[in-house]
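S.K.: Quick one, what's the 3D model for this:
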Amino acid sequence: MLDQLMQIVRQHSQQSIVENQDVPNEHNEGVIQEAGSSLFSSLQQMIQNGKLEQVTDLIKGNHSSDTVNQLSEGMAGNIASKFGINAASAKNIAGSLLPKILSSLSNGTSNNSLDLQSMLGSLTSGGGIQSTINTLGSQLGLDKDKDGDVDFKDITRLFGQ
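M.R.: Below is the predicted model of the structure:
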């Protein structure tokens, strides 16, 4: 999923990063990489903090302004601190880039070019989070298809889709 996310970031980075005079040319690639990895890390952190529904909503195109602002602030902060770009410029980069990325993610999942389940799987991999989700989910009755794990099928059944 990180590869897919990086492709999407690259698709939308021309105006926000490459043509941006506040980003020195030698930092273009680094800023693009940081934007993608920052978003990926933030989404993982949200899941680890029990906000799986918010992440699923984001990927499906239901963008809450609070969540988008939180993601944008994190991305801007990382870009500013790692590349010495002033905070206002970094906020402008994140503010123009993030909505385009999220729109592409949601359009991609609705067009089946991106698999939502594999995206969520890659976000939840590592650190035993999937095991934790399965255990807690089963205890809370979230394993709707009774297959021993809590996955996208369970989430869609939970929301009646």
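
S.K.: where in this protein is pLDDT low?
M.R.: Counting by pLDDT under 70, the chain has low-confidence residues at 1-2, 108-143, 148, 150-152, 154-156, 158-161.

S.K.: now the strands for it?
M.R.: Remark: no strands are assigned in the chain by DSSP state E.

S.K.: in the longest helix seen in it, what's buried?
M.R.: Assignment by DSSP state H gives helix 87-110 as the longest helix of the chain. Buried residues in helix 87-110, defined by neighbour count with 16 or more other C-beta atoms under 10 Å: 89-98, 100-102, 104-106, 108-109. Where C-beta positions appear, they are placed from N, C-alpha and C, glycine not excepted.

S.K.: Residues in contact with that helix: which ones?
M.R.: 4-5, 8-9, 11-13, 15-17, 20, 22-23, 31, 35, 39, 58-61, 63, 68, 71-73, 75-77, 79-80, 85, 114-116, 119 (C-beta atoms under 8 Å, 6 or more residues apart in numbering).

S.K.: now with 6 Å?
M.R.: Contact partners of helix 87-110, identified using C-beta atoms under 6 Å, 6 or more residues apart in numbering, comprise 8, 12, 16, 22, 35, 59-61, 63, 72, 75-76, 79-80, 114, 116.

S.K.: buried subset of these?
M.R.: For the contacts of helix 87-110, buried by 16+ other C-beta under 10 Å: 8, 12, 16, 35, 59, 63, 72, 75-76, 79-80, 114, 116.

S.K.: Please convert the residues you listed to JSON lines, extending it with distance to residue 145.
M.R.: JSON lines is the format used below for these (distance: C-beta to C-beta, whole Å):
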{"residue": "8", "distance to residue 145": "30"}
{"residue": "12", "distance to residue 145": "36"}
{"residue": "16", "distance to residue 145": "41"}
{"residue": "35", "distance to residue 145": "36"}
{"residue": "59", "distance to residue 145": "21"}
{"residue": "63", "distance to residue 145": "28"}
{"residue": "72", "distance to residue 145": "36"}
{"residue": "75", "distance to residue 145": "35"}
{"residue": "76", "distance to residue 145": "40"}
{"residue": "79", "distance to residue 145": "41"}
{"residue": "80", "distance to residue 145": "45"}
{"residue": "114", "distance to residue 145": "22"}
{"residue": "116", "distance to residue 145": "16"}
